[in-house]
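1. Attaching a predicted model along with its sequence, questions to come.
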Amino acid sequence: MPRVSAVHVLRCGRVRVRPQNLQRGRSPELWWTATSRRWSAWLPVNVVLVVHEEGVLLFDTGQSPRSLAEPDYYPGRRTGGLLGAVVGWAFRRQAQFEVPPTDTLVSRLAEVGLSPADVDTVVLSHLHQDHAGNLDVVPGARVLLAPEELALLSEPHPELHGVLPGAVVPHDADLQPLSWSALPSPLGPGGPGEDPAFTAGHDLYGDGTLVALPTPGHSPGSVSLLVRRPDGPPLLLVGDLTYDCDRLERGALPGTGDAATQEASSRAVLRLRESEPGLVVVPAHDATATTGLDLKKS
Ligand SMILES: [Zn+2]
């Protein structure tokens with residue numbers, strides 16, 4: 001049996017954002033958050049399921065239907081005072097979500113013959129609610145995330161990073177920090193005089209098939225996951241590093257996050273692709289990314 005025997009893209013909700021979020025422009029985030037009148041097309045919220053010999057893994061968990069049903073899911077004046085009111089306003093201005101019954105994590109898992117109890121491990125690209133939103137659906141899973149992202153939960157105001165611990169992180173969640181250690185050999189071209197793309201990462205099962213890599217910028221602890229399959233090109237699941245590969249190649253950065261860090265991570269991913277022929281980059285909100293995977297689509 002191959003170490004990785006199946007990969008499925010599960011569409012767990014959909015989102016539309018401001019054009020300035022898809023691609024960074026000249027106006028500051030606060031300005032376009034307040035003034036933008038346009039929305040993007042509806043985009044998927046992609047969760048990727050990997051069946052590995054050691055267990056079933058999810059990269060991200062998608063948007064929760066609770067976000068549409070619970071009035072206090074997002075911060076507001078009643079729950080968070082003035083700061084809550086401002087953060088809640090920013091959430092509502094920047095993105096809109098839908099989670100039809102077909103798009104719940106439970107429904108999507110059932111489509112591939114699995115139940116939440118089958119999920120052993122979750123790797124989070126980051127803690128935003130459209131990525132970590134369904135942790136409550138898989139209470140038995142260990143949840144791996146970057147130590148830099150985990151640290152946000154200890155800050156006085158995680159909501160200033162777009163993180164809503166009360167709504168997203170169950171109090172008994174088994175959160176475990178990824179540990180960044182030197183890879184046996186650097187990933188990337190690394191010719192004479194060239195910087196390798198990645199020198200540190202976390203090889204989940206020690207076999208090189210699933211390697212978490214630090215790609216900060218969108219959030220302080222954003223993570224990508226390299227997936228090596230026996231029957232197709234390798235995949236790099238990049239979360240919100242970019243909205244689509246075309247923008248990644250053009251160096252067009254998304255509108256939220258630290259631009260310089262986003263740019264460095266984007267360059268590292270492009271360098272990695274030079275040394276991994278056929279590497280398929282899979283952004284979390286790219287509708288077309290799944291068409292190149294030769295995988296079962298959801
Ligand atoms: Zn995000």
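-> Good, I have the coordinates.
2. So what sits opposite residue 143 in the bridge?
-> Legend: beta-bridge partners of residue 143 under DSSP bridges are residue 122, residue 175.
3. show me what contacts it?
-> Residues near residue 143 by CB atoms under 8 Å, 6 or more residues apart in numbering: 121, 122, 124, 135, 173, 174, 175, 176. Glycine gets a C-beta too; all of them are placed from N, C-alpha and C.
4. Can you give me the neighbour number for the closest residue to the ion within the stretch 151-298 of the chain?
-> For the stretch 151-298 of the chain, the residue closest to the ion is residue 240, as judged by CB to the ion, at 4.0 Å. When neighbours are defined as other CB atoms under 10 Å, residue 240 has 24 of them.
5. contacting residues around the closest residue to it other than its chain neighbours?
-> Sequence neighbours aside, residue 218 is the residue nearest to residue 240 in space, at 4.4 Å (criterion: CB to CB, 6 or more residues apart in numbering). Contact analysis of residue 218 by CB under 8 Å, 6+ apart lists 126, 239, 240, 241, 254, 256, 257, 262.
6. Please flag which of these sit within strands.
-> If you go by DSSP state E, the contacts of residue 218 have residue 239 in strands.
7. Can you tell me which of the contacts of residue 218 is closest to residue 190?
-> When the contacts of residue 218 are compared for distance to residue 190 (CB to CB), residue 241 wins out at 20.7 Å.
8. Do you know the pLDDT at the closest one?
-> pLDDT for residue 241: 96.
9. And for the closest residue to it other than its chain neighbours, the neighbour number?
-> Among residues not flanking residue 241 along the chain, residue 215 sits closest, at 5.3 Å (CB to CB, 6+ apart). Residue 215: 29 surrounding residues under other CB under 10 Å.
10. The one 5 residues further on too?
-> For residue 220, the count of nearby residues is 18 (other CB under 10 Å).
11. Please name the residues that touch it.
-> Neighbouring residues of residue 220 by CB under 8 Å, 6+ apart: 146, 148, 149, 151, 152, 161.
12. swap in residue 123?
-> By CB under 8 Å, 6+ apart, the neighbours of residue 123 are 57, 58, 59, 60, 144, 145, 178, 204, 212, 223, 225.
13. and the gap between residue 163 and residue 48?
-> To residue 48, residue 163 is 21 Å away according to CB to CB, to the nearest Å.
14. Which of those two has more residues huddled nearby?
-> Shown here are residue 163 and residue 48; by other CB under 10 Å, residue 48 has more neighbours (24 against 21).
15. A strand includes that one, no?
-> Yes. Residue 48 forms part of a strand when assessed by DSSP: H, G, I helix; E, B strand; the rest coil.
16. who's in contact with it?
-> 7, 8, 9, 10, 58, 59, 60, 225, 227, 235, 237, 282.
17. would you list those residues in TSV and tack on pLDDT?
-> Formatted as TSV, the contacts of residue 48 follow (pLDDT from 0 to 100):
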residue	pLDDT
7	92
8	92
9	93
10	94
58	98
59	98
60	98
225	98
227	96
235	95
237	97
282	94
